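**Student:** Structure here, sequence nowhere to be found:
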């Protein structure tokens, strides 16, 4: 699911995948060229520094990165005739740091490491505001998660007495040992744990 933040009156979309954030280069580029941001992205990608930076990032994070094609791009980069688009980079090198999506709500997205580098090329001022706004949004998201977790813990505590009383009244047979009774309590308590937290007590501990 895409989210958005506002930087210097520009809506900058981003999305998260496998706990990694991808920010819209298309939206960032609008700070430099609002009519056709694609040109700003292509001009940035054709520089030798950018090609080397993206290549190093892929080598660190992407085992399937095509290093042979990367070397070809690196050798050609910087020349007046060299042209590199996001689609060409992705298809030829099997890159994962940049993602290109077609359609009305598409555009070019990049991992936050790469997106911040692009923002620096667009404008150091814009980059700083982008980082600050991104950090603020992430802090809010984390606080909401913590509040949600605390609320669930409180709910579990409130319901635990009711739960154990019900277990004692309806599920525990008479004339059993204390160990057997504790095992039944633990088993039924985990029903509550799984319902609220998606984990048993043992799984949470591990």
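**Tutor:** Now that the structure is in, tell me what you want to look at. Since the structure is predicted, the reported quantities are computational estimates derived from the model, not experimental observations.
**Student:** correct me, but residue 116 touches residue 131?
**Tutor:** Yes: judged on C-beta atoms under 8 Å, residue 116 makes contact with residue 131 at a distance of 6.4 Å. Backbone N, C-alpha and C define where each C-beta goes, glycine included.
**Student:** which residues in this protein form helices?
**Tutor:** With DSSP state H as the criterion, the chain has helices at 25-29, 37-45, 48-61, 67-76, 86-93, 112-122, 124-170, 178-197, 201-205.
**Student:** Domains in the protein, by residue range?
**Tutor:** 2-122, 144-205 (automatic domain parsing).
**Student:** Mind telling me which of those the model trusts least?
**Tutor:** Among those, domain 144-205 has the lowest mean pLDDT, at a mean of 62.
**Student:** what about residue 97, how many neighbours?
**Tutor:** Residue 97 has 25 neighbouring residues, counting by other C-beta atoms under 10 Å.
**Student:** Which residues are in contact with it?
**Tutor:** For residue 97, the contact set (C-beta atoms under 8 Å, 6 or more residues apart in numbering) comprises 54, 57, 58, 61, 62, 110, 111, 113, 114.
**Student:** Tell me who's in contact with residue 39.
**Tutor:** residue 33.
**Student:** Report the separation between it and residue 3.
**Tutor:** Distance, residue 39 to residue 3, by C-beta to C-beta, to the nearest Å: 26 Å.
**Student:** Partner strands of the lengthiest strand in the chain, with direction?
**Tutor:** The residue-count maximum for a strand in the chain (DSSP state E) belongs to strand 10-17. Sheet pairing for strand 10-17, assigned by DSSP bridges, gives strand 2-7 (antiparallel), strand 20-24 (antiparallel).
**Student:** what angle do the shortest one and helix 112-122 make?
**Tutor:** Angle of strand 20-24 versus helix 112-122, following axes from the mean of the first three to the mean of the last three C-alpha atoms, to 10 degrees, is 30 degrees.
**Student:** With the longest one instead?
**Tutor:** Here strand 2-7 runs at 30 degrees with respect to helix 112-122, directions being taken by the same axes, to 10 degrees.
**Student:** Which parts of strand 2-7 count as buried, going by neighbours?
**Tutor:** Buried residues in strand 2-7, counted by 16 or more other C-beta atoms under 10 Å: 5, 7.
**Student:** ditto for the shortest one
**Tutor:** Of all the residues in strand 20-24, those buried under the rule 16+ other C-beta under 10 Å are 21, 22, 23, 24.
**Student:** which one of the residues you listed sits closest to residue 93?
**Tutor:** Using C-beta to C-beta, residue 22 comes nearest to residue 93 of the buried residues of strand 20-24, at 17.1 Å.
**Student:** do you know how far residue 59 is from residue 75?
**Tutor:** Taking C-beta to C-beta, one finds residue 59 at 16 Å from residue 75.
**Student:** whoops, residue 115 was the one
**Tutor:** 26 Å.
**Student:** So the two - more neighbours on which side?
**Tutor:** residue 115 (26 against 12).
**Student:** Would you confirm that the more buried one contacts residue 28?
**Tutor:** Yes: contact criterion C-beta under 8 Å: residue 115 and residue 28 qualify, at 6.6 Å.
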